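*Asks:* structure for the following, please:
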Amino acid sequence: MSNQNILDANGLTEEEFLKAYDRTKYDRPSYTVDNLLFADCGDGLAVLMIRRGSHPDMGQWALPGGFVNCDECAECAAARELKEETGIEVATEQLITVSTPNRDPRGWTVSTCFMGLLSEPEQPNAGDDALEARWFNVDYIASGDVYKLILKSDEIKIASEFKVVRNDAGKIDINRTEILAPDGIAFDHAKIILYAVESL
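*Replies:* Numbering: from 1, shown residues only. Take a look at the predicted model:
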């Protein structure tokens, strides 16, 4: 039986339903991607970060990423944003989708995060809306459920603090983990970095 002949509870065919469908009935989030690119720096892991050149969180450090265009898939957007903001091209894989309410002051924003691992850091070249791109050595310390993510790069040291909540499987619950002191890391990227490090 063809779908065009099937009637729903209101007596409508699929064609009639779609013609009458109100696309504004449900709010829509903005869709973004973030890149977690790690490299072996000899004495541990380093993560690639960019310094934001525009509001919100202008001047703070963030994961390379941005908005997905309506004519591209998330994987393509992630690769494009990574190249535009850092000049680096590398294969990545989807890690997690983050949909915590109020994670972005611009409005409802959902991000799919992609992760890649290099054998050594590649020299980044900041571009697009990134003021700077650089590798940060990654470390963290924990005291009970309070964690401090420590990122170091030459003279720059960032120490973001948050209260970690874990799910039944023991993984970090991104939505319920609370950032206590971002210390220069934009949005919720500190807890995404820790989630990724624990996933490696």
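
*Asks:* only C-alpha atoms for contact and neighbour calcs from this point on.
*Replies:* Will do.

*Asks:* okay, buried residues for stretch 80-98 please.
*Replies:* Within stretch 80-98, the residues scored as buried using 16 or more other Cα atoms under 10 Å are 80-88, 92, 94-98.

*Asks:* so the residue sitting nearest the centre point of the chain: helix, strand or coil?
*Replies:* Nearest to the mean C-alpha position of the chain, by Cα atoms, centre = their mean, lies Asp34 at 3.4 Å. Secondary structure, DSSP: H, G, I helix; E, B strand; the rest coil: Asp34 is strand.

*Asks:* from Ile156, how far out is it?
*Replies:* Using Cα to Cα, to the nearest Å, Asp34 is found at 22 Å from Ile156.

*Asks:* what's in contact with stretch 28-35?
*Replies:* Stretch 28-35 is touched from outside by 63-68, 74, 77-78, 82, 107-116, with contacts defined as Cα atoms under 8 Å, 6 or more residues apart in numbering.

*Asks:* among those residues, which ones are buried?
*Replies:* Counted by 16+ other Cα under 10 Å, those give 63-68, 74, 77-78, 82, 108-116 as buried.

*Asks:* among these, which ones are in strands?
*Replies:* Gly65, Gly66, Phe67, Thr109, Val110, Ser111, Thr112, Cys113, Phe114, Met115, Gly116 (DSSP state E).

*Asks:* burial measure for the residue nearest to the fifth one when sequence neighbours are not counted, as a count.
*Replies:* Counting by Cα to Cα, 6 or more residues apart in numbering, Ser99 is the residue found nearest to Val110 once chain neighbours are left out, at 4.7 Å. As a burial measure, the neighbour count of Ser99 was computed by other Cα atoms under 10 Å and equals 16.

*Asks:* next one: Ser99 from Gly144, what distance?
*Replies:* Counting by Cα to Cα - Ser99 and Gly144 are separated by 26 Å.

*Asks:* still on that earlier bit, list just the nearest of the ones in strands among the buried ones among the contacts of stretch 28-35 to Gly184.
*Replies:* Within these, the smallest distance to Gly184 is 16.9 Å, found for Gly65 (Cα to Cα).

*Asks:* contact partners for that closest one?
*Replies:* Gly65 neighbours (Cα under 8 Å, 6+ apart): Thr32, Val33, Asp34, Asn35, Ala78, Glu81, Leu82, Glu85.

*Asks:* can I get those residues in CSV with pLDDT?
*Replies:* Shown next, in CSV, are these (pLDDT from 0 to 100):
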residue, pLDDT
Thr32, 98
Val33, 98
Asp34, 98
Asn35, 98
Ala78, 98
Glu81, 97
Leu82, 97
Glu85, 96
